[in-house]
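1. Got a predicted structure here, sequence first:
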Amino acid sequence: MLFFYNLSLRLYVLLLRIAALFHPKAKSFIIGREKWRYRLKKALSGEQRPIIWMHCASLGEFEQGRPVLEAIREQYPGYALLLTFFSPSGYELRKKYPGVDFVFYLPVDSPYSAKSFLDIVQPELALFVKYEFWYYYLSALKKRHIPAVLFSAYFQADQPFFKFYGGLYRKMLGCYQQIFVQDKSSRELLAQIGVRQVQIAGDTRFDRASKVRGTLKPFPGVVTFKQKYRLLVAGSTWPEDEALLKDALAELWAQKFKVLLVPHEVDDANIRRILDLFGHEACLWNEQDAVLIQKQVAVVNTVGQLSHLYQYADVAWIGGGFGKGIHNILEPAVFGIPVFFGPKFRRFREAVDMLALHAVGHVPGSKEMVRILKDEAALKKMGMNAQSYVHTQLGATRKIMDYLSLKCLRSTS
């Protein structure tokens, strides 16, 4: 199994090197890791504080890990914090994040990379968020007796850990000193394969969404755009989501809805494609007030504002449900508004839970969405259920910090 693991990593890097000739993200993946040993050693050369290392796959996992980072910074200021990303979409957007001391790409997993990385960093604690399993890094941490903790993890029966061929992945689970899972089902699955160092803590994204709700930024331009209309905020959309909204546009206008569209990709080419799709009905969200007032669709062409923009929404559409899976539904849910998305949501615990509570809705097409939006009483009830569910799920960060304080962290003052 280890042979195939190594082979898949080599093939992955080879394909990325080829893709880097044409694709900016693949290019960032390759260039961002060039001379990483020299750059990492130079950055840490004068650091005298003990180091805590947190690794996140991408931006979504960073938002999941952020509450724990902020709690460590507040409660244990004597530690230096190193944050690594695997994906360019995480690193490029958070490489200047002020809540940590160092931000780097994680070198691709290998015996040499793991040894070199840990030799330079020498962390006292390694934190991994949700879905990060790198064999050589985890094995090296265990061999060096450096505690590794996984949190906000969510396991399902179709994952390799629970298959006959998943021996290597089960071995990785054994490298963690503690695993914090989101729910009882995850703990039971791990117990079936003999993994016992598990605690149910919930999902730290709920804590993050709640904190954003209490520290909102104003956007006067959105107020100008919305006027007296109802506002549908479509977050992290992909082409399939945008096509659905385009099909529903006339019906949405008949129901007095405007659309604030926040695409997942905000490069110039994609923004131009979206503006062309919606035609004369659309403009950029930072246009002059006179233009905003006249348009039905405003397209956001910058990043970092989405979680705050939901404060103006009457309804939210979450993108990704026609592709690999939906994006964050908690950010709008915390505002007590109805949330809708496409059919691919089963991998997300909160979506399954909230659907059972009639707190969200999934729709296969524009006609179904328009029909649901006509039921004012149902929309109001859905929003109330969503907000109530979020409130019942708070507290994961505190449970994780209680463990870290007891087992892993020390006063450095």
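-> Cool, got the structure. Numbers count the residues shown, from 1 in each chain.
2. Could you give the number of residues near Glu34?
-> By other Cβ atoms under 10 Å, the residues close to Glu34 number 9. (Each C-beta comes from the backbone N, C-alpha and C, glycine too.)
3. and the gap between it and Val108?
-> According to Cβ to Cβ, to the nearest Å, Glu34 stands 12 Å off from Val108.
4. quick one: pLDDT of Lys324?
-> According to the prediction, Lys324 has pLDDT 89.
5. Relative to Ser58, how far out is it?
-> Lys324 is 12 Å from Ser58, where distance means Cβ to Cβ.
6. More neighbours: those two, which one.
-> Taking other Cβ under 10 Å, Lys324 and Ser58 do not tie; Ser58 has more neighbours (18 against 10).
7. check contacts around the more buried one.
-> Shown in contact with Ser58 (Cβ atoms under 8 Å, 6 or more residues apart in numbering): Phe85, Phe86, Ser87, Ser89, Gly90.
8. list the contacts for the second one?
-> When contacts are counted by Cβ under 8 Å, 6+ apart, Phe86 touches His55, Cys56, Ala57, Ser58, Tyr105, Leu106, Glu132.
9. So which of those are in strands?
-> Within the contacts of Phe86, residues falling in strands by DSSP state E are His55, Cys56, Tyr105.
10. What residues of stretch 338-358 count as buried?
-> 338-342, 344-345, 348-351, 353-354 (16 or more other Cβ atoms under 10 Å).
11. with the residues you listed in mind, which one is nearest to Ala157?
-> Distance to Ala157, by Cβ to Cβ, is smallest for Arg349 among those, at 13.4 Å.
12. Could you double-check that the closest one sits in contact with Arg205?
-> No. The pair Arg349 and Arg205 does not pass the contact test of Cβ atoms under 8 Å, sitting 10.6 Å apart.
13. I'd say Leu379 and Gly336 touch.
-> No. Contact criterion Cβ under 8 Å: Leu379 and Gly336 do not qualify, at 10.9 Å.
14. Look up phi and psi at Phe151.
-> When read as degrees, to the nearest 10, the backbone of Phe151 gives phi -140, psi 160.
15. Across the sheet, point out what pairs with it.
-> Beta bridges link Phe151 to Val129 when assigned by DSSP bridges.
16. one step back: top of the contacts of Ser58 by neighbour count?
-> Phe85 (24 neighbours).
17. what pairs with that residue across the strands?
-> Beta-bridge partners, per DSSP bridges, of Phe85: Cys56, Tyr105.
18. That one: what's it in contact with?
-> His55, Cys56, Ala57, Ser58, Phe62, Tyr91, Arg94, Val103, Phe104, Tyr105, Leu106.
19. wait, doesn't Leu404 sit right on Ala126?
-> No. Here Leu404 lies out of contact with Ala126, judged by Cβ under 8 Å, at a distance of 11.6 Å.
20. Which residue of these two possesses the greater neighbour count?
-> A side-by-side neighbour count of Leu404 and Ala126, using other Cβ under 10 Å, places Ala126 first with 28 against 22.
21. tell me which element the more buried one is part of?
-> In this assignment (DSSP states H and E), Ala126 forms part of strand 125-129.
22. Provide the secondary structure category for Asp317.
-> To be clear, residue 317 is Trp; Asp isn't right here. Under DSSP: H, G, I helix; E, B strand; the rest coil, Trp317 falls in the strand class.
23. my guess is it contacts Phe341, does it?
-> Yes. Counting by Cβ under 8 Å, Phe341 is a contact partner of Trp317 at 6.9 Å.
24. Low-confidence regions, the stretch 301-413 of the chain specifically.
-> Residue ranges of the stretch 301-413 of the chain with pLDDT under 70: 412-413.
25. now do the chain
-> Looking at the chain by pLDDT under 70, you get 412-413.
26. what helices or strands is the strand holding Ala126 leaning on?
-> Strand 125-129 sits against strand 51-56, helix 59-75, strand 148-153, with contacts defined as 3 or more Cβ pairs under 8 Å, 6 or more residues apart in numbering; DSSP states H and E.
27. What segments of the stretch 251-400 of the chain are strands?
-> When assigned using DSSP state E, counting those that start in this stretch, the strands of the stretch 251-400 of the chain occupy the ranges 257-263, 282-284, 297-299, 315-318, 339-341, 361-362.
28. Kindly reformat those as CSV containing distance to Lys25.
-> Conversion of the strands of the stretch 251-400 of the chain to CSV gives the following (distance: least, Cβ to Cβ, whole Å):
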stretch, distance to Lys25
strand 257-263, 15
strand 282-284, 23
strand 297-299, 21
strand 315-318, 22
strand 339-341, 24
strand 361-362, 28
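29. wait, which of the ones you listed is closest to Lys142?
-> Closest of the strands of the stretch 251-400 of the chain to Lys142 is strand 315-318, at 37.7 Å (criterion: Cβ to Cβ).
30. who are the neighbours of the closest one, in terms of helices and strands?
-> Against strand 315-318 (3+ Cβ pairs under 8 Å, 6+ apart) you get strand 230-237, strand 339-341.
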